[in-house]
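Peer 1: Next one to model:
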Amino acid sequence: MDPPPSKDGPDGSSIRPVSSLLAKFENMNKTGDAQNGPPPSPMTPAPKPERLRDPSPSVPREPPAVPKTRPKEKLNVSNTNPPPAPISPRPVHPPSLMIEPPHSPSPPKRGGLDIAVGERPHFLNTDSLVKPSSPATTPRQFKIPSRPHTPVLEPRRSPRLTPSQPPSPPPPRRSAELRRERENKAVPPPINRSEKPLIPSRSSYLVDNSQALDLKNKFADKVSPFSSPPSSNGTPEEEDVPPMLPTRPRPQPEMLRRSQTFHMGFEPPPVHPTIAANRRRDMDDLNGTARSPITPQITGEQRPALPARPLSIIEHSRGANTPMAPPPRPPRPGVITYSQESGPASALPQKRVVSTPTTQQPPPPTRTGHGRSMTVDRTSTRIPAEFRTPATPISRVAEDRSAGGLIGGPPNGDASASLTTTLFPDPSSTNRSKPYITKGVHEIPTKYDSRVFDVCGELVCTTGIYTRAWSVLDGGLLMSLAMGEGIRGTSVAFRPEADVGEEGKRVWIGNNFGELMEADIGLQSIINRKPNAHGRHEIIKIYRHFRELWTLDESGTLHVWGPDENGVPSLINGPTSSFRVPKGHTFSMVVGDELWYATGNQIRVFLPTVEGKDQFQVLIRPLCQDGAGEVTSGTLLTTDTDKVFFGHGDGKVSIYSRKDYSCLAVMNISLYKLNTLAGVGHYMWAGYNTGRICVYDMGQTPWAVKKEWQAHDNPIVKLIADRSSFYKLDRYQVVSLGADNMLRTWDGLLQEDWLGSEMKRKDEEYCSFQKLKALVLTWNAGASTPNSLRYSDSDASFFQNLLQGSGSPDILIFGFQELVDLEDKRATAKRFLKPKKKEGSDQERMSHQYRDWRDFLVRTLDDYMPGDLYHLLHTAPLVGLFTCIFVKADLRDRISNLSSAEVKRGLGGLHGNKGAIVVRFMVDDTSLCFINCHLAAGQSSAMQRHNDIAAILEAPIFPGERDQATRIDSYVGGGDGTLILDHEMCLINGDLNYRIDTMSRDTVVAAIKSGNLSKLLERDQLLVARRRNPGFKLRAFDEMPITFAPTYKYDVGTDNYDSSEKKRSPAWCDRLLYRGRDRIEQLDYVRHEVRVSDHRPVSGRFKFRVKRIDPKKRAMAWMECQQQWEDLRAKEADEEKLYYLTRMIGYDTATARRLVSERSSRRRDNRSPSRNMD
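Peer 2: As a prediction, this is how the structure comes out:
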């Protein structure tokens, strides 16, 4: 071998011709055995290693970037194979790398891989790995393959580190098989020359160069002047000397062992490529995936093993560096770890970055571990199925395994499919009264834009551009602080106190500049500040956990402020511990000692502690239900503490178990976003963008809508169930904040609802009941008159047969639609365009038509019901609609409070061609309401029909009942009789115009002829809306199953469905629906063959159960209900007080009971003597 001339300086200014380089390669191959000796010292001048260690542009930048880019480093290591940066800082590696490729490619790769990947990711900066890979496409890369970069000039390249190492990559670029062939044929130089141009990226050759350097020390001492650094003799042990990073003392012994293994593999003769690949896989399983990054470059067979690589690395790193391992090295999904202290990070990359207490361990190690999870995640285009599996607590992994079950349960997709309840809550028994609080002020205007608040007993505090505190007892303003220009409060919470009696005196406020402030409400001033407590990041949450306060900012930093020597958290000192959680916060809450944290639709569980030594991330994978939207709210129930409820943006509620973190159910409760949830006793309160609050009873499946009312004019921002109110105020209050800047206080116990429902439950004790028979007919007459029935015998006998077969009903209700020709455009235009001139004659003509039908019905009753005497109770017309009600003579005197109203829905509520006629009255002490309606027509107008019926049912069209006792006895849902749904029994008849969807006319007709009505009913718009639309108002009504053919649309005078040019599809437009709980019974539901109209009439016979109240018995029942309420309230109060003292304050049960007893005794002492008497 020709030693490099002395004139070649380390600066690399002199470049030898290609021929000399070729000669050197040939000489190297011939004298490979002599390279084991230490390289001559002249070849490795001292300046070179120093240069490598000097702060060159590439070397110094990488170490400081470790904490920032470590996740990326892991990612690149697994996806792009080469971790070049780790090698760059080593001064010894460049020389040895240059020679190794030509001698024996595959064996060196093993050893090099162990060194580069196995150890480096734990300590090196991500930038060092990422930077080399990115420059892969830089011009230098193309220069690397050139001859000048051969080992001869290696000494000059080492000072440049990154540029110098490229030369060696060409050989490693070739596969192991090619390398072995070169060894055997002894012509590596030609092969290397041809391969050098194919080097894919600097990252790949850097890793290979590191391996080549070691080989060069063994085989090319004379050829490579830089192969003999001061501490490198070509032996594996000497790799321990050049550690450039002071934080890598432990990994380097590993590297020594791996390099030793590398040399061992290099000495034996080349083996078949398949055997080499198998050996690499075996070594991956045993020693880690250190060589994985380069494996894809060589054979491509290692890629399937990439997901397992982080596992071995995690295990190895923990063994090598125990103190750093716990936080940064959470086990991968599916890995069982028993002794690790570190919390498992989520499987998804963006989540992994967050599972480390920042005060306990430096971020770099943590991010390194997470970076590996990101790497695995990016290996596929879709999230692996294992990541969608319900998360499992680390502590229970072993137990689940021993039990023979799946870790984390079945995949989320399957679980959500089986657990999701598609039925929406039952609204049939909904109470619509507002649960006003009995004592104190009901509402407090904040006057300024407030979106955050907290409540503690008598005090409520809001923040925004102003921070203000009020008393909920008298509404007085107790504190008002301006935040300053451009500053706004973004979070607020009452500070825990050492004495529970002092709770509520001070509040913590976080603002949009990361500053924490402590305000004293009594002093009306800020008494403590912590500027930059969260840097400049907006503080979005302040949680209370016993005597601690946790603060969270938008960047994902979580500070835990533990109690000081006085037993309360203080801003004088810094946080006792800090943690990192993922960005993208959508909702979070404290559950026991844990923080349940949601980003999108994924929920993670963390365990923050004051000491910060415990495992922070509780679950391996996030909780996630694929069918649910992003998490927007959540709550707990004091009566069922094992369940955690989360509201989603698509109106679903997911329920998780606190014991095993499994998803128990996913409920559909709305089509709208759940802005806020609050658990109050046995019920769950939900606030919506519409300003409405709904209370759900979860004791049945599907749930029931127990209560619903309009709480605010604008969206509801937040609901808080005040756990301290029972202990401090002896009442249970729920406070709501709306976007209308109003604070409103509600009765959390729903006292009025409970008393009303309990009285109805006891009605058998003070009421007598009677069943009345009723006949209801609905018919779209199509502008026909009574005389039209005479042209056909079957039509002429229709009413006679109807009445004689009705069984002598007590009440007869006839509802007609289109008694005038609504399709007569000329007549309609006259009514609108010339109302003054034509109104008289037009009204007279319409009245004449109504009178004809009224007189016809009276004569028919007299002729065909001679044994019964009927009185005409009421008639009501509305532009084609006509309602005529008859009652028996003996029932007439029992009827009271008769009134009627109309709701116009045509032309936006201006015209009565569409709308409803509503008649209500009382029979004894039972309220009845009958609605005759005609809704919007058209196959595609289903939504308009939904809106029509909603407007009709929600219109306050009747005078309200003022007597409270009558409201409770005769109306339902907490109503006063102003709405249709306030009445105990309601019956809707009319042409609802609901059609059959997604089927052609011919298909519908064919199904009718074949008697396949069930196929058509599945697509009936009304029935579909009842199943799928929770806001559909007719869901509160029942309908007897339909067994007859569609009643619309026929050719007049025939039994043929519409054969006109439009050829309308048949449909069940004419319907009867009722509402009355168990007090209405429908006996039949039939259609009649009358051919004078394009609709067929439909009738139904009913039984109404009406009641008569005994006043004395009712008074006794009311007293019993009051006593039962007091007992129930006392029990509820004790449970809530204990919950507050034990779960919120942190007392033990014995101390809590003593405090409750003492406070109760003081309250009794403060009462008047008369109230203390039994």
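Peer 1: CA only for contacts and neighbour counts going forward, please
Peer 2: Noted.
Peer 1: Mind telling me what element the closest residue to residue 730 other than its chain neighbours is part of?
Peer 2: Spatial nearest neighbour of residue 730, excluding adjacent residues (C-alpha to C-alpha, 6 or more residues apart in numbering): residue 1133 at 7.4 Å. Assigned by DSSP states H and E, residue 1133 belongs to helix 1111-1139.
Peer 1: Now do the contacts for the residue nearest to residue 730.
Peer 2: 726-727, 730-731 (C-alpha atoms under 8 Å, 6 or more residues apart in numbering).
Peer 1: same deal with residue 758?
Peer 2: Residues in contact with residue 758 (C-alpha under 8 Å, 6+ apart) are residue 1121.
Peer 1: burial count for the nearest residue to residue 752 once chain neighbours are set aside?
Peer 2: Among residues not flanking residue 752 along the chain, residue 435 sits closest, at 7.3 Å (C-alpha to C-alpha, 6+ apart). Residues near residue 435, counting by other C-alpha atoms under 10 Å, number 21.
Peer 1: Phi, psi for residue 435 please.
Peer 2: phi -80, psi 70 (degrees, to the nearest 10).
Peer 1: Wait, it touches residue 744, no?
Peer 2: No: counting by C-alpha atoms under 8 Å, residue 435 stays clear of residue 744, with 10.7 Å between them.
Peer 1: hang on, the earlier thing: state the distance from the residue nearest to residue 752 to residue 975.
Peer 2: Separation of residue 435 from residue 975 (C-alpha to C-alpha, to the nearest Å) stands at 12 Å.
Peer 1: repeat for residue 932
Peer 2: Relative to residue 975, residue 932 is positioned 22 Å away (C-alpha to C-alpha).
Peer 1: Check residue 963 too.
Peer 2: Relative to residue 975, residue 963 is positioned 12 Å away (C-alpha to C-alpha).
Peer 1: Show me the shaky parts of this protein.
Peer 2: Within the chain, the ranges that satisfy pLDDT under 70 run 1-419, 822-846, 909-912, 1164-1174.
Peer 1: quick one: the helices in the stretch 801-950 of the chain?
Peer 2: Per DSSP state H, counting those that start in this stretch, the stretch 801-950 of the chain carries helices over the ranges 825-833, 835-864, 889-892, 942-954.
Peer 1: helix/strand/coil for residue 974?
Peer 2: coil (DSSP: H, G, I helix; E, B strand; the rest coil).
Peer 1: Please verify my assumption that it contacts residue 967.
Peer 2: Yes: using C-alpha under 8 Å, residue 974 makes contact with residue 967 at a distance of 7.3 Å.
Peer 1: Other residues contacting stretch 1049-1069?
Peer 2: Contacts of stretch 1049-1069 (C-alpha under 8 Å, 6+ apart): 991-996, 1000-1002, 1004-1005, 1020, 1045-1048, 1091-1095.
Peer 1: 7 Å instead?
Peer 2: Residues from elsewhere that reach stretch 1049-1069, judged by C-alpha atoms under 7 Å, 6 or more residues apart in numbering: 991-996, 1001, 1004, 1046-1048, 1091-1095.
Peer 1: Give me the distance between the two termini of it.
Peer 2: 9 Å.
Peer 1: Name the residues of it that come out as buried.
Peer 2: Across stretch 1049-1069, burial judged by 16 or more other C-alpha atoms under 10 Å covers 1049-1052, 1057-1058, 1064-1069.
Peer 1: Repeat that for stretch 878-890.
Peer 2: Neighbour-count burial for stretch 878-890 flags 878-888 (criterion: 16+ other C-alpha under 10 Å).
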